[in-house]
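A.B. asks: Dropping a prediction and its sequence here:
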Number of protein chains: 2
Amino acid sequence: MKFIHTSDWHLGRQLHNQSLLEDQAFVLDALVDMVKEHQVDAVVIAGDVYDRAIPPAAAVNLLDDVLHRIVVELEVPVVMIAGNHDSHERLGFGARQMLNSGLYITGPLQREFQAIKLTGKNANAWFYPIPYVEPATIRHLYDCPVSTHQEAMSVLVEPIKAHDSQGLPKVVVAHCFIDGGAESDSERPLSIGGADKISPQLFEPFDYVALGHLHGPQYKGQEYVRYSGSILKYSFSEQHQNKSVTLVELDHEGQLITELLPLPALRDVRIVEGYLADLLVAGKADENANDYLMVRLLDKHAILDAMGKLRAVFPHVLHLERTGLMNSNTQLQRAKDHIKKGEMSMFEDFFSQVYGESLTPEQNKVITNIIDSLHQGERNG
Amino acid sequence: MKFIHTSDWHLGRQLHNQSLLEDQAFVLDALVDMVKEHQVDAVVIAGDVYDRAIPPAAAVNLLDDVLHRIVVELEVPVVMIAGNHDSHERLGFGARQMLNSGLYITGPLQREFQAIKLTGKNANAWFYPIPYVEPATIRHLYDCPVSTHQEAMSVLVEPIKAHDSQGLPKVVVAHCFIDGGAESDSERPLSIGGADKISPQLFEPFDYVALGHLHGPQYKGQEYVRYSGSILKYSFSEQHQNKSVTLVELDHEGQLITELLPLPALRDVRIVEGYLADLLVAGKADENANDYLMVRLLDKHAILDAMGKLRAVFPHVLHLERTGLMNSNTQLQRAKDHIKKGEMSMFEDFFSQVYGESLTPEQNKVITNIIDSLHQGERNG
């Protein structure tokens, strides 16, 4: 059984207000080529397929197209789960009508665990998709007193451990935060205060655990408990990460070989630092001047339209920091503003998911005020 | 070939801020029973499946459930098109993966017309689904100069007329406004100034034309060019309509028998008029006091909490008109306010469809101001 493990596509995501749809289409083209080239038996997508509950229609179109090429044209089955960014109901629509086509989408968690037996050219294997769930969902669905993600996942994993796989390898697909995993700036925390952490030991009884959530490729505990990482760099903090998908091979006995297949990017995401005059000279000779850039300007004097000047040589400067000008206070304030924006957009997502409509201007104002007064309290407290 | 023709489910719609999801689930339960009882060979849903581009997650769940029961449990194929209320991309997601299951969803229009041959117990037939499209889409897709819906539909119908059906009956499924059709208050106009009207003659070459858009069941021109109407009364103006689905039988030669199967409602939608004291007495004896009501009070004096008093006997009074108190000026102003709200919500739908995100408070304000100033102009002009 040879399959590609990927996750965190975040279709529809923006980087500093720049749509990344073109970049996403580019890297997914490359992924479809890899599916073909490596003649894999399956593709596993471990959640956060979309960036938000209600993705733009163009992102829906892109996913539809990529899945069609893999599932129908290449006839390679896809196992896909909802992550914490996805709307489980929306992603899961029609899932039961798609099963026969080889597209296995797991949206809302069902009481019975799912087991999918896939046929490989050399060996078969069982796949167990577990969508992202809050502990409260498990409490409600199984009527049992769980409060942490660790307890919730234990409940879900128990029957899968017990499932008779007729000696075939067992692959779990999940979206969660493994204790000790390396975080990136572009992940949305699953809960506050560490209650989201899951011990890697929980997954030891399986032959491979295809994880999503963390955006850097990595494994924790055992080499077979693995994050593939996201398909693109979704924050400047990821500038030094090498994005990839994981090529996984499992034989009859569950013997494992993994290989990271590097993903190409239409434009890289990186930070450049220097004085304006130096950067403008360097930019003219930079054959990757088209990359998405954060520029840190060291100049200590005011500069008229620094962004305009930079964009003349680096057309995709997305963010400019006047490191030379800023004192530590302003930097702190900027960081706070950034966090505030995050909370508001998280709440908007939550609200539209539950009510199916967006905040009215009045509601928006009320929530903004609440968040502001919480921060006020933080500053005063 | 025996099939049920229905349309305009408008899942997720509200009536005067009252969610109708429970009512929609009730009537669709009845529809699933009819599919079983009449042993039909197919179900046709002629658009406006959802009420808006981004329906609430609960509406997505309901549709998923109903389609599963018809397509998988009863093994009856479903042909479904996007209407003017649906997001074509969102409704069409995964459509190509669902084909094998017998679920035929047509979201965005493709250049090649679609032809689906369905097998009936007594006779087979061809189905040609045409999703709702703006003339501009046809202009772009076929690079031809059409400006009206009539011209656009002619372009779409031409190759279907020419298609060799091997002598089998041809059924067109479309969502449009046939000239002379009877409108209801709950339909959203397709365009302004009559450019949305299509002559029924355009559809004469076919054996049955299953239409959606108008909410009252009716036929135009020929008896086989037919609207099934909506599944519920979506405005008080529809209080006297009898909602139904159309049971259609076509034999080998295209001989047609149609029958209207009445749809039950969990709660009726009706208008009652009278003096408060009389209504309160009548309500106590009314075994349908649970219906959704608009009440027109004839009393000419002020009444403290009339709504509260009425709801003690009619729990679902959704709207109260003080006909006795209002002068014609106020009535006019109310009507204007109603229209304004419609334009804003139409624009919000349009915006979120195109951009995949909702209006910011600032954007909302700008649009509200524009609509207000247009109306100001109307009043002054």
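C.D. replies: Yep, it's here.
A.B. asks: can you map out the helices along chain A?
C.D. replies: Under the criterion DSSP state H, chain A contains helices at A:21-37, A:57-67, A:88-91, A:95-98, A:135-142, A:149-162, A:276-285, A:306-313, A:328-355, A:361-380.
A.B. asks: I'd like the distance between residue A:233 and residue A:20.
C.D. replies: Here residue A:233 is placed at a distance of 10 Å from residue A:20 (CB to CB, to the nearest Å). Where C-beta positions appear, they are placed from N, C-alpha and C, glycine not excepted.
A.B. asks: now swap in residue A:89 and tell me
C.D. replies: 25 Å.
A.B. asks: With residue A:377 instead?
C.D. replies: From residue A:377 to residue A:20 the distance is 36 Å (CB to CB).
A.B. asks: Would you mind checking which helix or strand in chain A has the lowest mean pLDDT?
C.D. replies: One helix or strand of chain A scores below all others by mean pLDDT, DSSP states H and E: helix A:328-355, with a mean of 64.
A.B. asks: before we move on, back to that, so for residue A:377 and residue A:20, which sits in the more crowded spot?
C.D. replies: residue A:20 (25 against 9; other CB atoms under 10 Å in any protein chain shown).
A.B. asks: okay, now the closest residue to that one other than its chain neighbours: neighbour count?
C.D. replies: Residue nearest to residue A:20 in three dimensions, not counting chain neighbours: residue A:13, with 5.6 Å by CB to CB, 6 or more residues apart in numbering or on different chains. Residues near residue A:13, counting by other CB under 10 Å, number 24.
A.B. asks: swap in residue A:146?
C.D. replies: 18.
A.B. asks: Check residue A:61 too.
C.D. replies: Using other CB under 10 Å, residue A:61 has 21 neighbouring residues.
A.B. asks: Pretty sure it sits against residue B:88.
C.D. replies: No - assessed by CB atoms under 8 Å, residue A:61 is found out of contact with residue B:88, at 9.7 Å.
A.B. asks: shared neighbours, the two?
C.D. replies: Residues touching both residue A:61 and residue B:88 (CB atoms under 8 Å, 6 or more residues apart in numbering or on different chains): residue B:108.
A.B. asks: Now the stretch 1-150 of chain A against chain B: closest residue?
C.D. replies: Residue of the stretch 1-150 of chain A nearest chain B, by CB to the nearest CB: residue A:56 (2.5 Å).
A.B. asks: so who does that residue touch?
C.D. replies: A:12, A:21, B:355-357.
A.B. asks: Would you mind giving both backbone torsions of the closest residue to residue A:300 other than its chain neighbours?
C.D. replies: Excluding the flanking residues, the one nearest residue A:300 by CB to CB, 6+ apart is residue A:324, at 4.4 Å. Main-chain torsions, residue A:324, degrees, to the nearest 10: phi -60, psi -30.
A.B. asks: Quick one: residues contacting residue A:350.
C.D. replies: Residues in contact with residue A:350 (CB under 8 Å, 6+ apart): none are found.
A.B. asks: Against chain B, how distant is it?
C.D. replies: Using CB to the nearest CB, to the nearest Å, one gets 12 Å for the distance from residue A:350 to chain B.
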